[in-house]
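Novice: can't give you the sequence, but here's the structure:
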């Protein structure tokens, strides 16, 4: 294991060090005193698919884990906007809250956020070949959750009992599924979205990913059973082509 003091480092300097360490075969890096450095984890692709585990103490800046390819990143704190932008595979765990556009165009891998997230979470999330992006939020989100979502799974657990206050959920959604613990009003979702109860397959999906969530946040002292005993609803698109009427073909 190698430690980096990010205090005196600029974004490029920090990411240069991470890439050099990956190419040297280092498998675990702890980064301390992070304060706004961006793109952490972005330049870590290698043809032989090397993997690193990165622990971050502090607050990483925008586009943490953008284009992430198979690595595992844990943030001991909050994260800013754009976590997992176009993420391909791997895992991100945020032991706090995440900002806006979490999981933007994410096409694979998993992101777990202990607390809440901002606006436009899962914007244009999509599935790619055999990849299935999964996003599990312990709290809830702000407006435009799942906007233009084309695939993947989003789960909001509302563990803090605040209720889902976001509006325009699923606007333009044409793929994937959003699961909400609690209730949501018809007026809060886009016209393209259907609100429905869970079936057997939905419950199997929740069982799997809620189990993974509680494993990653033992400090919450919650069991899967405690969470899953409550009511959930599913948001899914009514059509895979919601705008087909405006096409010329």
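Specialist: Structure's in. What do you need? Everything numeric here is computed off the predicted structure, so don't read it as measured data.
Novice: Now do the contacts for the residue lying closest to residue 80 once chain neighbours are set aside.
Specialist: With sequence-adjacent residues excluded and distances taken as C-beta to C-beta, 6 or more residues apart in numbering, residue 80 is closest to residue 99, at 4.7 Å. No exception for glycine: its C-beta is placed from N, CA and C like everyone else's. By C-beta atoms under 8 Å, 6 or more residues apart in numbering, the residues touching residue 99 are 62, 78-83, 117-118.
Novice: Likewise for residue 14?
Specialist: Applying C-beta under 8 Å, 6+ apart, the residues contacting residue 14 are 4, 6, 31, 37, 40.
Novice: Just say helix, strand or coil for it.
Specialist: helix (DSSP: H, G, I helix; E, B strand; the rest coil).
Novice: Tell me the confidence at it?
Specialist: As predicted, residue 14 sits at a pLDDT of 98.
Novice: And for residue 45, the neighbour number?
Specialist: Number of residues near residue 45 (other C-beta atoms under 10 Å) recorded here: 15.
Novice: surely it meets residue 66?
Specialist: No. Look at residue 45 against residue 66 with C-beta atoms under 8 Å: they stay out of range, at 11.3 Å.
Novice: Which elements pack onto the longest helix along the chain?
Specialist: Counting by DSSP state H, the longest helix found in the chain is helix 200-216. Helices and strands touching helix 200-216, as assessed by 3 or more C-beta pairs under 8 Å, 6 or more residues apart in numbering; DSSP states H and E, comprise strand 110-113, strand 134-137, strand 150-156, strand 175-181, helix 224-228, strand 232-237.
Novice: ok, now with 6 Å
Specialist: Contact partners of helix 200-216 among helices and strands, from 3 or more C-beta pairs under 6 Å, 6 or more residues apart in numbering; DSSP states H and E: strand 134-137, helix 224-228.
Novice: ok now stretch 169-188, how far from the chain's centre?
Specialist: 16 Å (C-alpha atoms, centre = their mean, to the nearest Å).
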